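Peer 1: Task: produce atomic coordinates for the following.
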Amino acid sequence: MSWLLLVPCVLVIGVIVDALLAMVTRPWIRLPVFPLLNIKAAREAFRGLSPRVYVVVVGVIGWGWTCFGGITLWEYLRFHYWGLSASRFSVFGVIWGFFVWSAAGIWFGYGSWKRIAR
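Peer 2: Alright, predicted model coming up:
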């Protein structure tokens, strides 16, 4: 039943990443703090980005690293509190997961750029 904790872990990390991303990129991009709450403003902010910047900001940081952080937090909680197997919770597993989720973020950013650019 520890898998029920996965969604809250990803949501918490997502809220933190969205807020930090909006604050850090404020001088260059006028992102709303919570893009899902203001989709129209987020879409307008994203339309002004070049494809490369969009893929990095939205795909890699906004989606890929959020999923990586949520899943890594979930794995840590499973390992630390429930004593379950730490199949991917090793140094190599965390580094490998970071690269895999970064690559998945590139794919996600490129795929969603096509929809935003229309």
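Peer 1: so where's this protein uncertain?
Peer 2: Confidence mapping of the chain against pLDDT under 70 gives the ranges 1-2, 36, 84-89, 117-118.
Peer 1: Most remote residue from the middle of it, which is it?
Peer 2: With distances taken from the mean C-alpha point of the chain and given as C-alpha atoms, centre = their mean, the most distant residue is Gly83, at 26.6 Å.
Peer 1: Which secondary structure state does that residue sit in?
Peer 2: Per DSSP: H, G, I helix; E, B strand; the rest coil, the secondary structure class of Gly83 is coil.
Peer 1: State which helix of the protein is the longest.
Peer 2: helix 91-116 (DSSP state H).
Peer 1: gap between that helix and the chain center?
Peer 2: Taking C-alpha atoms, centre = their mean, to the nearest Å, one finds the center of helix 91-116 at 9 Å from the center of the full chain.
Peer 1: Equivalent analysis for stretch 25-45, please.
Peer 2: Going by C-alpha atoms, centre = their mean, the spacing between the C-alpha centre of stretch 25-45 and its chain's C-alpha centre is 15 Å.
Peer 1: same deal with stretch 8-21?
Peer 2: Offset of stretch 8-21 from its chain centre (C-alpha atoms, centre = their mean): 8 Å.
Peer 1: Pull out the buried positions in it.
Peer 2: Judged by neighbour count (16 or more other C-beta atoms under 10 Å), stretch 8-21 contains these buried residues: 9-10, 13-14, 17-18, 21. Every C-beta, even on glycine, is put in place using the N, C-alpha and C of the backbone.
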